[in-house]
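Participant: sharing a model that was predicted from the sequence below.
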Amino acid sequence: MPGRRREMIWLFPALLAFFFTSGTDGYCTGAGKAARKAEAGRELSGEHRIALAIPDFVVEGDASPGLGREIAAIVAGDLGLTSTFDLVAPEAAGAVLAGKVGQRADALTLEVRILDTAGNALIFGRKYSAPPGGHRMAAHRLANDVPFAFTGVRGIFDTDIAFSAHPVAGGETGRGKEIYVVGIDGENLRQVTGNGSFNLFPRWAPGGRTIAFTSFRTGVPRIYLLDVESRREDVLVSSGSSMSPGGFSPSGDILYYSKSESGSTDIYALPVDGESPARVASGAISTSPTVSPDGTLMAFVSDRNGSPGIFVKELGKTASERLITPAGRFATSPCWSPAGDQIAFTSQEHGKFSLMLVRPDGSDLRQLLSGGGDYIDPTFSPDGRFLAYTFQEKGRSELRIISIDGRTSRRVFSGLPGIGSASWSPRR
């Protein structure tokens, strides 16, 4: 072992003791921060990654002995999903994230420092608090801040993914489909509908508190707006033989949805304050609307050319529609990236479904995932760096995540049959 590393390991406990009693709290500033941002820029371009160690947190007060290890594992699991960090042992690290956790009857606290092992400098320091039992959410909040300290881009580890699936009780598959919400680490699964009918196509509204979805609970399809915490539901659309929400406007005041009526399936824009909807796309079958982050463009699916394809149109203009996927190639389930520069979609070829990306003008078409099963229903993370999707093979289904560069992927959840229609929540 080089002498410098040997020296750092010997000094490490003393340095941590100093930083935890120095009163430094918050992000460091000045030239050191600028240098790290430049370093992060080189890392993000693929030159190298940051070697980071995350030892078990020190446990204080009434916290259980295993809590320090669990929190360190949660943070490591979050950061391991990114392409920013290599998680290594302290002796191989360029930076070490060290923390302590304390618990009283009314609160849990985390105190964290990130130490640059090369220059003995404090890169980051912060305190977090949570109610008793809230250590997982506090750890996710911490994991969000770590990339920000190095790159200026906050993480998305406290977000959720909504999806539909068949309920299971006593080992038996229940009737219909319900809407579920799960953390992107696969934990904290919540069933947010429970009416025993078919509840489909969940779509998060901006703010991350409400979800629009289709339900057949009355025997006919209606679109509802669900408050995830209170479970209050309001009917948004009640007429039509079939309907599905596509997505909200960036401001959240308009819901775009498709509805079949009188033999035609068209796309409508509905102000959620109760005003009358306006038809924004029609002709053949038009469905699955998704709106660009600036609110000026809408991508949608139509079979007007003979097979389903992805079209883009300027909102407010009737003659601006253009096909952006290859003519004659089955394409569906478009989802606009948060930056507005890409559209993810599902494509079918030779009977198999693959995951694709394309620019809004139809350029730079590329395949992200294919082979070994079907990849459907993509949804972008709030930072645009990941896609969640459903993987299906031989009757089983899984909720998965993959980075846009294809470097990292993981299974999020696989505990229910018929998983589909994933929707990634916004930041809260």
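Facilitator: Arrived safely, thanks for sending. Computed from a predicted structure; not experimentally measured.
Participant: so, low pLDDT: which residues of the stretch 301-428 of the chain?
Facilitator: Counting by pLDDT under 70, the stretch 301-428 of the chain contains no low-confidence range.
Participant: what about the strands in it?
Facilitator: Assigned by DSSP state E, counting those that start in this stretch, the strands in the stretch 301-428 of the chain fall at 309-314, 322-323, 330-336, 343-349, 352-358, 366-369, 374-380, 386-393, 396-403, 409-413, 420-424.
Participant: export those as a markdown table, with columns for mean neighbour count and distance to residue 201.
Facilitator: To be clear about C-beta, it is placed using only N, CA and C from the backbone, and glycine gets the same treatment. A markdown table is the format used below for the strands of the stretch 301-428 of the chain (neighbours: other CB atoms under 10 Å; distance: least, CB to CB, whole Å):
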| stretch | mean neighbour count | distance to residue 201 |
| --- | --- | --- |
| strand 309-314 | 22 | 17 |
| strand 322-323 | 14 | 24 |
| strand 330-336 | 22 | 10 |
| strand 343-349 | 22 | 14 |
| strand 352-358 | 21 | 17 |
| strand 366-369 | 15 | 22 |
| strand 374-380 | 24 | 10 |
| strand 386-393 | 22 | 13 |
| strand 396-403 | 20 | 15 |
| strand 409-413 | 17 | 18 |
| strand 420-424 | 23 | 5 |
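Participant: those: which one's closest to residue 193?
Facilitator: Evaluated over these, closeness to residue 193 peaks at strand 420-424, with 12.8 Å, by CB to CB.
Participant: can you list contacts of the closest one?
Facilitator: For strand 420-424, the external contacting residues (CB atoms under 8 Å, 6 or more residues apart in numbering) are 159-165, 184, 200-204, 211, 376-382, 388-390, 397, 399.
Participant: quick one, what contacts the nearest residue to residue 291 once chain neighbours are set aside?
Facilitator: Leaving aside its chain neighbours, residue 291 sits nearest to residue 298 (5.2 Å; criterion: CB to CB, 6 or more residues apart in numbering). By CB under 8 Å, 6+ apart, residue 298 lies in contact with 256, 267, 280-281, 289-292, 312-313, 315.
Participant: out of these, the closest to residue 403 would be?
Facilitator: Distances from residue 403 to the contacts of residue 298, taken by CB to CB, are shortest for residue 290, at 20.6 Å.
Participant: what kind of secondary structure is residue 77 in?
Facilitator: At residue 77 the chain is in helix, as set by DSSP: H, G, I helix; E, B strand; the rest coil.
Participant: could you check how far it is from residue 90?
Facilitator: Per CB to CB, to the nearest Å, residue 77 is found 18 Å from residue 90.
Participant: again, but for residue 261
Facilitator: As defined by CB to CB, residue 261 lies at a distance of 64 Å from residue 90.
Participant: who has more neighbours out of those two?
Facilitator: residue 90 (18 against 13; other CB atoms under 10 Å).
Participant: surely the more buried one touches residue 53?
Facilitator: Yes - between residue 90 and residue 53 there is a contact at 4.3 Å, judged by CB atoms under 8 Å.
Participant: tell me, what's touching the two both at once?
Facilitator: Common contacts of residue 90 and residue 53 (CB under 8 Å, 6+ apart): residue 96.
Participant: which of the strands of the stretch 301-428 of the chain sits closest to residue 109?
Facilitator: strand 409-413 (28.7 Å).
Participant: and the closest one, how far out from the chain's middle?
Facilitator: Its chain's C-alpha centre and that of strand 409-413 lie 12 Å apart, by CA atoms, centre = their mean, to the nearest Å.
Participant: show residues contacting that strand.
Facilitator: Residues outside strand 409-413 that contact it (CB under 8 Å, 6+ apart) are 81, 161, 182, 184-186, 189, 388, 391, 398-403, 419.
Participant: taking these together, which two end up most distant?
Facilitator: Spanning the widest gap among the contacts of strand 409-413 are 189 and 403, at 23.1 Å by CB to CB.
Participant: so what are the domain limits for this protein?
Facilitator: Domain ranges of the chain: 3-151, 160-424, per automatic domain parsing.
Participant: and those domains, which one's lowest on average pLDDT?
Facilitator: Among the domains of the chain, domain 3-151 carries the lowest mean pLDDT, a mean of 77.
Participant: list the helices and strands the helix or strand where residue 235 lies packs on?
Facilitator: Under the criterion of DSSP states H and E, residue 235 resides in strand 233-237. Secondary-structure packing of strand 233-237 (3 or more CB pairs under 8 Å, 6 or more residues apart in numbering; DSSP states H and E): strand 222-227, strand 254-261.
Participant: swap the cut-off to 6 Å and go again
Facilitator: strand 222-227 (3 or more CB pairs under 6 Å, 6 or more residues apart in numbering; DSSP states H and E).
Participant: show me the contact partners of the strand it packs on.
Facilitator: Residues from elsewhere that reach strand 222-227 (CB atoms under 6 Å, 6 or more residues apart in numbering): 210-215, 233-238, 243, 245, 257.
Participant: 7 Å - rerun?
Facilitator: Applying CB atoms under 7 Å, 6 or more residues apart in numbering, the external contacts of strand 222-227 come out as 192, 209-215, 233-238, 243, 245, 257.
Participant: quickly run through the sheet partners of that strand, with directions.
Facilitator: strand 210-215 (antiparallel), strand 233-237 (antiparallel) (DSSP bridges).
Participant: ok so residue 136 is a helix residue?
Facilitator: Yes - per three-state DSSP, residue 136 lies within a helix segment.
Participant: run a quick neighbour tally on residue 306.
Facilitator: Residue 306 has 9 neighbouring residues, counting by other CB under 10 Å.
Participant: quick one, phi psi at the spatially closest residue to it that is not a sequence neighbour?
Facilitator: Distances taken as CB to CB, 6+ apart place residue 328 nearest to residue 306, at 6.9 Å, with adjacent residues excluded. Reported as degrees, to the nearest 10, the phi and psi values for residue 328 are phi 80, psi -10.
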